[in-house]
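>>> sequence first, then the predicted structure:
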Amino acid sequence: MTTQTETVRWEDLLPREFEQRLERLPLVYLPMGLCEPHGHVAAFGLDTHKAAYMCEESARRFGGIVAPTQTYHIHETGYHRPWLREVVGDVNPRMGSLPPDVVLRLLVFQLRAFVNAGFRAVVVVTGHNGNQRDLRLVAEEFRRARPVPIVAVSDPELVAGRFEGDHAGRYEISQLMYLRPELVRLDRLDDRRGSTLGRFAQGEDAHLATESEGRAIVESSLAALKSIVEDCHPLPGIEDVPFMPFAEAEQVWRRVAARTDEWCTLREE
């Protein structure tokens, strides 16, 4: 039996409800995550779960519609490569990563789909921290073609100065303990010592994670998202943003691709 909650996900909305939400606030959220190791104590999809929750809860509280979750992200290139070797080693990471050009090109065409569907502001929330600079580069180039507000932010950036982000440590494990407690097993903290997987990217302070801290992090993130949504106003009118054909989106992508020397996902430092 399903529980009755407000429907905010694009794929779950019927046309009438979509149009009603769009009329109230033509803003779309794009949650971005990844399946990657988060130690022995947490599910692979931690990044995805927190981004999706924050977008859905923000839409329920502040308005807007949530686009289908982007569950693949950039990894194994640039600065990720040496980090991955350090925290995972030579074992299979069971990771759903894609090359930078695939993800960034996809984002261009996702933004195209958003403006063509009638959205006049976009908030991209990535639970996989570190690649948002390249997402913002895509947003910058897209806005040259369609001047709509586009914000790309990682969840640690939402709480900067209040909480310190990490990878599979106190910060991230606390988030998942609050959002999906059934996906955390702190009784497996010591598995790293006897497992062939080794550390598996587990944070050194994962044992300090608590559900109450996770709640505080998530609520602080939502407060920041509220400010972002408010800052998007005033939004362009429907008639002020013309339909974008595939060919024009391809031109946007070419401009993004011409700036590969700026992509952080290709740099190893």
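Nice, I can see it.

>>> am I right that Arg16 is in a strand?
No: Arg16 is assigned helix when assessed by DSSP: H, G, I helix; E, B strand; the rest coil, not a strand.

>>> neighbours of it, just the number please.
When counting by other Cβ atoms under 10 Å, one arrives at 8 neighbours for Arg16. Just so you know, the C-beta spots here come from the backbone N, C-alpha and C atoms, and that holds for glycine as well.

>>> if I look at it, how far off is Tyr29?
21 Å (Cβ to Cβ, to the nearest Å).

>>> where exactly do the strands run in the chain?
27-32, 65-66, 73-74, 97-98, 121-126, 150-154 (DSSP state E).

>>> as CSV, these with mean neighbour count would be great.
Shown next, in CSV, are the strands of the chain (neighbours: other Cβ atoms under 10 Å):
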stretch, mean neighbour count
strand 27-32, 27
strand 65-66, 26
strand 73-74, 26
strand 97-98, 18
strand 121-126, 26
strand 150-154, 22
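
>>> among the ones you listed, which is nearest Leu222?
The closest of the strands of the chain to Leu222 is strand 121-126. By Cβ to Cβ, the value is 10.7 Å.

>>> in this structure Pro236 contacts Arg143, no?
No: with contact defined as Cβ atoms under 8 Å, Pro236 does not reach Arg143; the gap is 11.0 Å.

>>> circling back to that earlier point, closest to His49 out of the strands of the chain?
Using Cβ to Cβ, these put strand 27-32 closest to His49, at 9.3 Å.

>>> what's in contact with the closest one?
10, 48, 51-52, 54-56, 58-59, 63-67, 69-70, 73, 110, 114, 117, 119-128, 135, 229, 232, 235 (Cβ atoms under 8 Å, 6 or more residues apart in numbering).

>>> weed out the non-buried ones from these.
Buried subset of the contacts of strand 27-32 (neighbour count, 16 or more other Cβ atoms under 10 Å): 10, 48, 51-52, 54-56, 58-59, 64-67, 69-70, 73, 110, 114, 119-128, 135, 229, 232, 235.

>>> longest helix anywhere in this structure?
The longest helix of the chain (DSSP state H) is helix 211-231.

>>> could you check the angle that one makes with strand 27-32?
For helix 211-231 against strand 27-32, the angle by axes from the mean of the first three to the mean of the last three Cα atoms, to 10 degrees is 140 degrees.

>>> tell me the gap between helix 211-231 and the middle of its chain.
Put simply, helix 211-231 sits 14 Å off its chain's centre (Cα atoms, centre = their mean, to the nearest Å).

>>> that helix vs strand 150-154, what angle?
160 degrees.

>>> what lies in contact with helix 211-231?
So helix 211-231 is in contact with 25, 27, 50, 53-54, 57-58, 61-64, 121, 123, 125, 149, 151, 153, 155, 158-159, 162-163, 170-171, 173-179, 181, going by Cβ under 8 Å, 6+ apart.

>>> so of those, which ones are in helices?
50, 53-54, 57-58, 61-62, 155, 158, 170-171, 173-179.

>>> which of the residues you listed are buried?
Applying 16+ other Cβ under 10 Å to the ones in helices among the contacts of helix 211-231 flags 50, 53-54, 57-58, 62, 155, 158, 170-171, 173-179 as buried.
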